[in-house]
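A.B. asks: Attaching a predicted model along with its sequence, questions to come.
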Amino acid sequence: MSLSIPYDANNVFAKILRGELPANMVFSDDVAIGIMDLYPQSPGHCLIIPRHPGATVLDIPAPLLGAVMQRVQAAAKAVVEAFSPDGIILTQFNGAPAGQTVFHLHFHLIPRYDSLAMGRHGQGQKADAETLRTQAAKLASLYRAP
């Protein structure tokens, strides 16, 4: 089943997965990677990207999706420990009408702070490179693989 979205093997996440583009890596294993979002909606916003080449959540085998979600949970625990947010938003978009801008399945972990306005998806400013490196290193030190 799909939303009839063809998978483009040259999307930005596929290039990161192949090592063709740099990323601020939080973790990398045989199931997924975790990276910092270049256009964060909030400090500590990271992405969990399955290695499986599928455009949407409908394109990934259920057992693999379960393994990906274990990594999402582990990353969420690291976000809480690293940034002490008041809450966490977990988002995942399927198709352009739903807000998807990169057509490779991925999950957003967005820390929420009562005192800080959250940016809009895909409309924020590019984050400072050093800030992203620092945040990635902090999360990597706290990430516990499932």
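C.D. replies: Right, received. Where do you want to start? Numbers count the residues shown, from 1 in each chain.

A.B. asks: So residue 26, which state does it fall into?
C.D. replies: Recorded secondary structure, residue 26: strand (DSSP: H, G, I helix; E, B strand; the rest coil).

A.B. asks: That one touches residue 79, doesn't it?
C.D. replies: No. Residue 26 is beyond contact range of residue 79, at 9.4 Å (criterion: Cβ atoms under 8 Å). Every residue, glycine included, has its C-beta placed from N, CA and C.

A.B. asks: Overlap in contacts, the two.
C.D. replies: Taking Cβ atoms under 8 Å, 6 or more residues apart in numbering as the criterion, residue 26 and residue 79 both touch 46, 139.

A.B. asks: Residue 88 should be in a strand, yeah?
C.D. replies: Yes. Assessed by three-state DSSP, residue 88 belongs to a strand.

A.B. asks: Next up, the contacts around it.
C.D. replies: 76, 79, 80, 109, 110, 111, 112.

A.B. asks: which element is the residue most central in space within the chain on?
C.D. replies: Using Cα atoms, centre = their mean, the residue of the chain that lies closest to the mean C-alpha position is residue 47, 1.0 Å off. Using DSSP states H and E, residue 47 maps to strand 46-50.

A.B. asks: In its sheet, which strands sit next to that strand, and in what direction?
C.D. replies: In the sheet, strand 46-50 lines up against strand 32-36 (antiparallel), strand 107-112 (antiparallel) (DSSP bridges).

A.B. asks: Contacts for that strand next, please.
C.D. replies: Applying Cβ under 8 Å, 6+ apart, the set of residues contacting strand 46-50 is 13, 16-17, 26, 31-37, 60, 64-65, 68, 71-72, 75, 79, 104-109, 135-136, 139.

A.B. asks: wait, doesn't residue 94 sit right on residue 58?
C.D. replies: Yes. With contact defined as Cβ under 8 Å, residue 94 counts as touching residue 58 (6.9 Å).

A.B. asks: Name the residue in these two with the higher neighbour count.
C.D. replies: Set residue 94 next to residue 58 and count neighbours by other Cβ atoms under 10 Å: residue 94 wins out with 18 against 14.

A.B. asks: Fine by me, thanks again.
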